[in-house]
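1. Sequence plus the predicted model coming up.
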Amino acid sequence: QVLDSGRAIYGAEYALAHKAGHRVILSVSAVPLHDAQGKIEAVMLSLDDISRRRMAQQIVARTAEELAVINRINMSISAGLDMDQLLRTLHRHCLQVMPGDIFYVALYDEASGIIQVPLYFEGEYLSGLVFDMQTTDGLINVVIASRRTLHLPDMRDATQGSQAALLSRGGIPARSYVGVPLIARDRVIGVLAVQSYQPDAYTRSQIRLLESIAVQAA
């Protein structure tokens with residue numbers, strides 16, 4: 001480009017695959033060098049590795065978006081929406097920052113052992129699902145009993161038999177699963193979960209964000 005135009009180029013960015021396997025982003029400047037007659041006899045190149053800078057910018061942008069999602073959820077909660085509206089708003093905000101082919105909120109009544117699912121999404125919204133924790137063996141039970149986040153990067157490796165309960169109702173098996181307990185006044189009152197048809201769909205930062213959302217939702 002410099003030879004054809006005779007003009008310098010500053011700060012052009014290129015993404016390249018390093019021979020070690022990682023991705024490198026370079027900022028490249030190219031300046032023509034002229035001889036006594038004004039003809040270009042060489043081009044001087046300057047290459048600057050800006051990979052870390054771009055990564056830092058992406059982290060800052062992602063953090064800002066996550067904080068914005070938490071703020072929007074807080075506003076929705078304080079707006080006094082009814083349960084159905086609130087859960088659908090929660091679902092919509094979660095989809096802005098993470099993939100979710102399947103999304104559900106399950107509520108647990110400790111006294112009766114009954115699990116109600118006021119919102120389940122898989123292509124469409126379903127409601128009215130009810131389970132007895134004593135007779136249903138599934139991932140919701142695991143999350144409630146452990147009181148901890150359950151992350152399964154690939155359920156083909158981690159899920160067998162009845163553990164697959166409430167993973168997918170649409171015929172397509174879910175591959176990635178993240179279930180977060182909803183805890184209020186030190187009691188587990190439910191589970192917030194997202195699932196993807198793709199394996200390894202969720203990053204650590206997305207899981208941490210879902211945990212923060214669960215705190216607000218609870």
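-> Great, that's in hand.

2. C-alpha from now on. contacts and neighbour counts both.
-> OK.

3. How many residues are close by Thr89?
-> By other CA atoms under 10 Å, the residues close to Thr89 number 16.

4. Can you spell out which helices and strands pack onto the longest strand seen in the chain?
-> The residue-count maximum for a strand in the chain (DSSP state E) belongs to strand 23-34. With contacts taken as 3 or more CA pairs under 8 Å, 6 or more residues apart in numbering; DSSP states H and E, strand 23-34 sits against helix 2-5, strand 9-17, strand 40-49, helix 51-78.

5. any chance of those in JSON lines, plus mean neighbour count and mean pLDDT?
-> Below are the helices and strands packed on strand 23-34 laid out as JSON lines (neighbours: other CA atoms under 10 Å; pLDDT from 0 to 100):
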{"stretch": "helix 2-5", "mean neighbour count": "11", "mean pLDDT": "90"}
{"stretch": "strand 9-17", "mean neighbour count": "12", "mean pLDDT": "91"}
{"stretch": "strand 40-49", "mean neighbour count": "13", "mean pLDDT": "93"}
{"stretch": "helix 51-78", "mean neighbour count": "14", "mean pLDDT": "78"}
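
6. Can you say which helix or strand has Val180 in it?
-> For Val180, the host element (DSSP states H and E) is strand 176-184.

7. Could I get the CA-only coordinates of the helix or strand bottoming out on mean pLDDT in the chain as PDB?
-> Least confident helix or strand of the chain, by mean pLDDT, DSSP states H and E, is helix 155-158 with a mean of 74. C-alpha atoms of helix 155-158 as PDB (Å, rounded to 0.1, in the frame of the first residue of the first chain):
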ATOM      1  CA  MET A 155     -23.000 -32.900  30.300                       C
ATOM      2  CA  ARG A 156     -22.300 -35.800  28.000                       C
ATOM      3  CA  ASP A 157     -19.400 -36.500  30.300                       C
ATOM      4  CA  ALA A 158     -21.000 -35.500  33.600                       C
END
